[in-house]
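Participant: Sharing a model that was predicted from the sequence below.
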Amino acid sequence: MANTQFVKRIQDIMRNDPGINGDAQRIEQLSWILFLKVYDDREIVWELDDDDYTSIIPDGMHWRDWAQDNKDGQSLTGDELLDFVNNQLLPALKKITVTPDTPISKAIVKDAFIDTNNYMKNGILLRQVINVVNDVDFTDPEDCHLFNDIYEGILKELQSAGNSGEFYTPRALTDFIAKTLQPKLGERIADLACGTGGFLVSALNLLNDQVKTVDDRQKYNHAVFGIEKKGQPYILAVTNLLLHNVDNPDIIHGNSLEKRVTDYTEKDKFDVIMMNPPFGGSELPVIKQNFPNDLQSSETADLFLALIMYRLKENGRVGVILPDGFLFGNDGAKLNIKKRMLNDFNLHTIIRLPGSIFSPYTSINTNILFFDKTTPTEKTWFYRLDMPKGYKHFSKTRPMKLEHFKPVEDWWNDRHEIKDGDNYKAKAYTVQELEDNKYNFDLCGFPTETEEVLPPEELMAKYKEERSQLNAQIDKTLAAIKQLLEEAN
């Protein structure tokens, strides 16, 4: 089944359902359906490998028990299917009993369904969606490989699904950071705000090429760790790892910032941390109290950067995406974080990224900070990655690609200053120079841009993209209002 064909069939069916309001709800609905199908196919493999395997899913609730359509007129559909899903299936999965001894591979089922809802109100259309998903056999390597591409396409759509865009980092970024940090089998790799699991999958793709033995496969299975606060991206991340043959997806449904950072011990630390922490948001005052006074910030990204410092092993390495605001910010917490990075870590490289990478979700300019826990910083290299030739901006139809990082890769192992008129495109600054600059890391930045006059075709494409984003936000607001009205009645 072609990627576009699968997604289009799902879209066409769900658009006719009165309960689905916009892309955000469509993706959330599809998330739990895909999870159950993927999990059931993985259980088939686990049952073949282990005669004593017992499922945590209650009898009658497995995908194979109710979702199969044998075309004999006996399959659940219509109101009967809706009644089963709403009043039996979802309540049963939410009530699954989990103990500290429950394996991760089983505990994830309860976690995945705690916040899950069925938005579809037409049981016939729901049956049609289930049948489309049933066409994919996740025990077949060829089907599974194809669906990885389909799934990536579904995740990309999060970028235009209102606020859900914050959960997806473009694959070019995750692949570049993973490739640069070079994770190895035997290392523990983490993303402490993992969203849909993009960084973890980029790491797994590199580790998979290193698997040669049964012992290597075990290392692969326990290589990555993630935490995700929101329910929808959590279930997407778990499904993503199951699709990449991780039998025990070590992903926690929770908030990384809820624990006092000084309580972390060596076993809580990681060799590699890759992440794109939420930025622009804020946490409750009680969360900030989990950090030393000098690191308490109202900006979520600052808190995550401080958290990384406490969860990185000796000789560990980091690639983290941060907004421009961190670079030039000089409030108390930002200043203290920068000082600690320079004194206690080796902040060796900052890559200034071109704008519109996260379009249409946000237009905030971003950067990649690479540092490790080896020696104090001696100098920090700044490199400005310009927009690729022929591009005025990135968009949904023309996203950033891994090949666009080639200028950085060529420069990385042959570092040298690059002058650009009166400014620098690449330059190293000593710690003393950074201190003298009052810890303003806004260096080797982009020239001030004048307002761009686009050709009519590009102007129309940009307008459609912005309208799509606005429509998604309107759909989300209407859905929230509708839910409030339904609860009131």
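Facilitator: Alright, I've got the coordinates.

Participant: Looking only at stretch 79-94, what residues are buried by neighbour count?
Facilitator: Judged by neighbour count (16 or more other C-beta atoms under 10 Å), stretch 79-94 contains these buried residues: 81-82, 84-85, 89-90, 93. To be clear about C-beta, it is placed using only N, CA and C from the backbone, and glycine gets the same treatment.

Participant: Which of those fall within helices?
Facilitator: 81-82, 84, 90, 93 (DSSP state H).

Participant: between the residues you listed, which is nearest residue 433?
Facilitator: Nearest to residue 433, judged by C-beta to C-beta, of those is residue 93 at 57.0 Å.

Participant: Check what pLDDT residue 11 gets.
Facilitator: Per-residue pLDDT puts residue 11 at 86.

Participant: Is it located within a helix, as I assumed?
Facilitator: Yes - secondary structure of residue 11 (DSSP: H, G, I helix; E, B strand; the rest coil): part of a helix.

Participant: Contact partners for it?
Facilitator: residue 26 (C-beta atoms under 8 Å, 6 or more residues apart in numbering).

Participant: And it, how close does it get to residue 27?
Facilitator: 10 Å (C-beta to C-beta, to the nearest Å).

Participant: Residue 308 now?
Facilitator: Distance from residue 308 to residue 27, by C-beta to C-beta: 29 Å.

Participant: what does the longest strand belonging to the chain rub up against?
Facilitator: Looking across the chain with DSSP state E, the single longest strand is strand 312-323. Under the criterion C-beta under 8 Å, 6+ apart, residues 169, 173, 177-178, 180-181, 266, 269-277, 279-280, 301, 304-305, 308, 345, 353, 364-374 lie in contact with strand 312-323.

Participant: Now which of those would you call buried?
Facilitator: Here, 16+ other C-beta under 10 Å leaves 169, 173, 177-178, 180-181, 269-277, 279, 301, 304-305, 308, 345, 353, 365-373 buried among these.

Participant: How is this structure divided into domains?
Facilitator: 3-140, 154-436, 456-489 (automatic domain parsing).

Participant: Show me the one of these that comes nearest residue 444.
Facilitator: Between the domains of the chain, domain 154-436 lies closest to residue 444; by C-beta to C-beta that is 3.8 Å.

Participant: Test for you: state the pLDDT assigned to residue 301.
Facilitator: 91.

Participant: what's the answer for residue 282, then?
Facilitator: For residue 282, the model assigns a pLDDT of 71.

Participant: residues touching it, list them.
Facilitator: Applying C-beta under 8 Å, 6+ apart, the residues near residue 282 are 298-300.

Participant: and with 6 Å instead?
Facilitator: Residue 282 makes contacts with residue 298, as judged by C-beta atoms under 6 Å, 6 or more residues apart in numbering.

Participant: my hunch is that it is in a strand, does that hold up?
Facilitator: No - applying three-state DSSP, one finds residue 282 to be coil, outside a strand.

Participant: and it, how far is that from residue 433?
Facilitator: Computed as C-beta to C-beta, the residue 282 to residue 433 distance reads 32 Å.

Participant: Same question for residue 203.
Facilitator: 34 Å.

Participant: Please identify which of those two sits among more neighbours.
Facilitator: residue 203 (27 against 13; other C-beta atoms under 10 Å).

Participant: Against which helices or strands is the helix or strand containing the more buried one packed?
Facilitator: Taking DSSP states H and E as the criterion, residue 203 maps to helix 198-208. Contact here means 3 or more C-beta pairs under 6 Å, 6 or more residues apart in numbering; DSSP states H and E; on that basis helix 198-208 packs against helix 171-181, strand 189-191, strand 224-228.

Participant: can I assume residue 79 is in contact with residue 124?
Facilitator: No - under the criterion of C-beta atoms under 6 Å, residue 79 is not in contact with residue 124, lying 9.2 Å apart.

Participant: pLDDT below threshold where in the stretch 101-250 of the chain?
Facilitator: 139-167 (pLDDT under 70).

Participant: which stretches of it form helices?
Facilitator: Residue ranges of the helices in the stretch 101-250 of the chain, as given by DSSP state H, counting those that start in this stretch, are 104-113, 123-134, 141-156, 171-181, 198-208, 214-221, 231-243.

Participant: Rounded mean pLDDT for stretch 59-75, please.
Facilitator: On average, stretch 59-75 scores 90.

Participant: List the neighbours of that stretch that are in contact with it.
Facilitator: Contacts of stretch 59-75 (C-beta under 6 Å, 6+ apart): 36-37, 40, 76, 89, 92, 130-131.

Participant: Could you list the buried residues of it?
Facilitator: For stretch 59-75, by 16+ other C-beta under 10 Å, it's 61-63, 66-67, 75.

Participant: Let me know the closest of those residues to residue 31.
Facilitator: The closest of the buried residues of stretch 59-75, once distances to residue 31 are taken by C-beta to C-beta, is residue 63, at 14.4 Å.
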